[in-house]
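**Q** Build me a model:
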Amino acid sequence: METALDRGRALLESLPYPEDPDHHFVADPAKFDFYAMDCYRLAGEDRLAEMYAREVIRSSTGPDGTERKPMRNAEARITLGVVAARSGDLERAVSYGRRALAGDRKSLPSLLMCSKELATLLRERYPHEPEAVSYLDEVRALSAS
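**A** Model prediction:
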């Protein structure tokens with residue numbers, strides 16, 4: 001995975017910086033950290049997943065706190081929730097999960113796919129904890145809508 005990420009980073013850096021990184025058909029260099037975050041989360045490399053998630057949130061949020069990339073931030077918060085759940089911090093895990101679900105702009109299929117990993121962890125590790133059960137109900141309600 002690290003070899004593939006290194007090759008991807010090198011390829012991206014060989015391209016000229018795009019005039020409009022928000023254009024749909026342009027490679028946005030900032031999105032590389034987003035992909036690396038997902039890779040490290042899925043591989044269970046929590047320290048690196050957390051580092052990349054924080055960078056994604058930082059680079060996707062304006063100086064005034066406006067979220068320029070709300071879906072990236074939502075998925076980064078899910079990653080932070082997964083890291084917290086794995087480390088035994090249920091309260092923080094649910095807090096990040098709820099904040100991810102509360103965003104204004106949502107790509108529901110993408111958000112639900114990403115939320116599934118956190119939901120599975122909470123279901124497996126905290127099946128009888130009221131906070132976990134409540135969050136899982138919120139995810140179910142969102143997927144039913």
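**Q** Check which residues of the host helix or strand of Leu80 are buried.
**A** For Leu80, the host element (DSSP states H and E) is helix 70-86. Neighbour counts using 16 or more other Cβ atoms under 10 Å place 70-85 of helix 70-86 among the buried residues. C-beta here means a position set from N, CA and C on the backbone, and glycine is covered the same way.
**Q** what packs against it?
**A** Counting by 3 or more Cβ pairs under 8 Å, 6 or more residues apart in numbering; DSSP states H and E, the packing neighbours recorded for helix 70-86 are helix 31-43, helix 46-59, helix 90-101, helix 108-125.
**Q** Out of the ones you listed, which is closest to Gly65?
**A** Ranking the helices and strands packed on helix 70-86 by distance to Gly65, with Cβ to Cβ as the measure, places helix 46-59 first at 11.1 Å.
**Q** From Leu136, how far off is Glu50?
**A** For Glu50, the distance to Leu136 equals 23 Å [Cβ to Cβ, to the nearest Å].
**Q** Report how many residues lie close to Thr3.
**A** By the other Cβ atoms under 10 Å criterion, the neighbourhood of Thr3 contains 7 residues.
**Q** One more: Val94?
**A** Here the number of neighbours of Val94 (other Cβ under 10 Å) works out to 24.
**Q** That one contacts Tyr135, doesn't it?
**A** Yes - here Val94 reaches Tyr135: they are 4.7 Å apart, a contact under Cβ atoms under 8 Å.
**Q** what's in contact with stretch 32-46?
**A** By Cβ atoms under 8 Å, 6 or more residues apart in numbering, the residues outside stretch 32-46 that reach it are 1, 5, 8-9, 12, 48-49, 52-53, 55-56, 59, 72, 75-76, 79, 82-83, 86-87, 117.
**Q** Packing partners of the lowest-mean-pLDDT helix or strand in the chain?
**A** Ranking every helix and strand in the chain by mean pLDDT, DSSP states H and E puts helix 2-14 at the bottom, with a mean of 87. When contacts are defined as 3+ Cβ pairs under 8 Å, 6+ apart, helix 2-14 sits against helix 31-43.
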